[in-house]
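Colleague: fold the following for me, if possible:
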Amino acid sequence: MGLSKGNIEVFISASTITDLYYIIQRELKCKTTALTLIKNLIKNIDIAAVTGSEIRRAIALDWGDFEDAVQYAAGEGVAVDYIVTRNISDFTSVDLPVVTPEDLLSIVTGAKA
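Modeller: The predicted structure is shown next:
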């Protein structure tokens, strides 16, 4: 699924979708709104699976932050070009490039952040 004019594929892990739903529903106290927001989100992005394989890989990574390890394993599973995070320091000794959202914007647009 392409995003914008750049034909960029954007993925979010399946586990992040459930986290987002929980947070939105808790804050807004409205299941319908939470589901509507999730539906709108996934119109423009793809979902990376979190299966037993990704969980086993995350465990094998043996990182301090298990959620980050799951995100990384899900990214590996769909062969992403970049992991985008505000917490670059949480992703050490990895094969995939890890960038901030601002760095990715610079990469995509060719502009300096």
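Colleague: sketch out the helices for the chain, chain order is fine.
Modeller: 14-28, 31-41, 52-61, 66-77, 101-109 (DSSP state H).
Colleague: other SSEs contacting the shortest one?
Modeller: Right, helix 101-109. Contact partners of helix 101-109 among helices and strands, from 3 or more Cβ pairs under 8 Å, 6 or more residues apart in numbering; DSSP states H and E: none. The C-beta positions use only the backbone N, C-alpha and C, and glycine is treated the same way.
Colleague: low-confidence ranges in this structure?
Modeller: Within the chain, the segments meeting pLDDT under 70 span 1-6, 112-113.
Colleague: residues contacting the closest residue to residue 95 other than its chain neighbours?
Modeller: Excluding the flanking residues, the one nearest residue 95 by Cβ to Cβ, 6 or more residues apart in numbering is residue 76, at 7.9 Å. With contact taken as Cβ atoms under 8 Å, 6 or more residues apart in numbering, residue 76 is in contact with 57, 95, 96.
Colleague: what is the nearest of these to residue 66?
Modeller: residue 57 (11.6 Å; Cβ to Cβ).
Colleague: just checking, that closest one touches residue 73?
Modeller: Yes: Residue 57 is within contact range of residue 73, at 3.9 Å (criterion: Cβ atoms under 8 Å).
Colleague: who's more crowded, the two?
Modeller: More crowded of residue 57 and residue 73, by other Cβ atoms under 10 Å: residue 73, with 22 against 17.
Colleague: next, work out how far apart that one and residue 94 are.
Modeller: Counting by Cβ to Cβ, to the nearest Å, the gap from residue 73 to residue 94 is 11 Å.
Colleague: swap in residue 80?
Modeller: 11 Å.
Colleague: ok, residue 30 next?
Modeller: Residue 30 is 38 Å from residue 94, by Cβ to Cβ.
Colleague: good, we can wrap up now.
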